[in-house]
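# what would the 3D arrangement of this be:
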Amino acid sequence: MDIDPNIVIDRLGGTTAVAKICDVKPPSVHEWRSAGIPKARLQYLRLAYPDAFAPVSAEAEESSEKVV
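Predicted coordinates:
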C-alpha cells in the first residue's frame, strides 16, 4: 500500500514538523512532497508514527461521521 507523501507529511504536522523529526531542513521535506519520502526516512516514520500511515478511507469515514 503506497500512501501519498503529502498525506503523511500533513498528518505529522507539516513540512517544518517533519523536518524537525528527521533532523533535516524544511526544503528537503518540501522536495519529498513531489519526489517521495526517501526509503530510510519512510521506514523510520512508519515505525515511529504508524497512525500517519492509516488508510485514507478510514480518515474519510471519520470526517463524514463528524459532519453528520
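
# just the helices in this structure please.
Applying DSSP state H to the chain gives helices spanning 5-11, 15-22, 26-35, 39-48, 56-67.

# including mean pLDDT and mean neighbour count, could the ones you listed go into JSON lines?
The way it works is simple: take the backbone N, C-alpha and C, and place the C-beta from them, glycine included. Listed next are the helices of the chain as JSON lines, based on pLDDT from 0 to 100; neighbours: other Cβ atoms under 10 Å:
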{"stretch": "helix 5-11", "mean pLDDT": "96", "mean neighbour count": "17"}
{"stretch": "helix 15-22", "mean pLDDT": "98", "mean neighbour count": "18"}
{"stretch": "helix 26-35", "mean pLDDT": "97", "mean neighbour count": "15"}
{"stretch": "helix 39-48", "mean pLDDT": "96", "mean neighbour count": "13"}
{"stretch": "helix 56-67", "mean pLDDT": "55", "mean neighbour count": "9"}
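
# how far does stretch 47-56 sit from the chain's center?
Once both centres are worked out by Cα atoms, centre = their mean, to the nearest Å, stretch 47-56 turns out to sit 8 Å from its chain's centre.

# most centrally placed residue in the protein?
Central residue of the chain (Cα atoms, centre = their mean): residue 8, 1.2 Å from the mean position.

# might one say that it is in contact with residue 41?
No: judged on Cβ atoms under 8 Å, residue 8 makes no contact with residue 41 at a distance of 10.1 Å.

# surely residue 29 touches residue 12?
No: using Cβ under 8 Å, residue 29 is not in contact with residue 12, being 9.5 Å away.

# now for these two: what residues contact both?
Taking Cβ atoms under 8 Å, 6 or more residues apart in numbering as the criterion, residue 29 and residue 12 both touch residue 18.

# gap between residue 26 and residue 56?
24 Å (Cβ to Cβ, to the nearest Å).

# residue 27 now?
26 Å.

# also residue 20?
For residue 20 relative to residue 56 (Cβ to Cβ), the value is 25 Å.

# ok, the residue nearest to residue 44 when sequence neighbours are not counted - contacts?
Leaving out its chain neighbours, the residue that sits closest to residue 44 by Cβ to Cβ, 6 or more residues apart in numbering is residue 22, at 7.4 Å. Contacts for residue 22 were tallied using Cβ under 8 Å, 6+ apart; they are 28, 29, 41, 44, 45.
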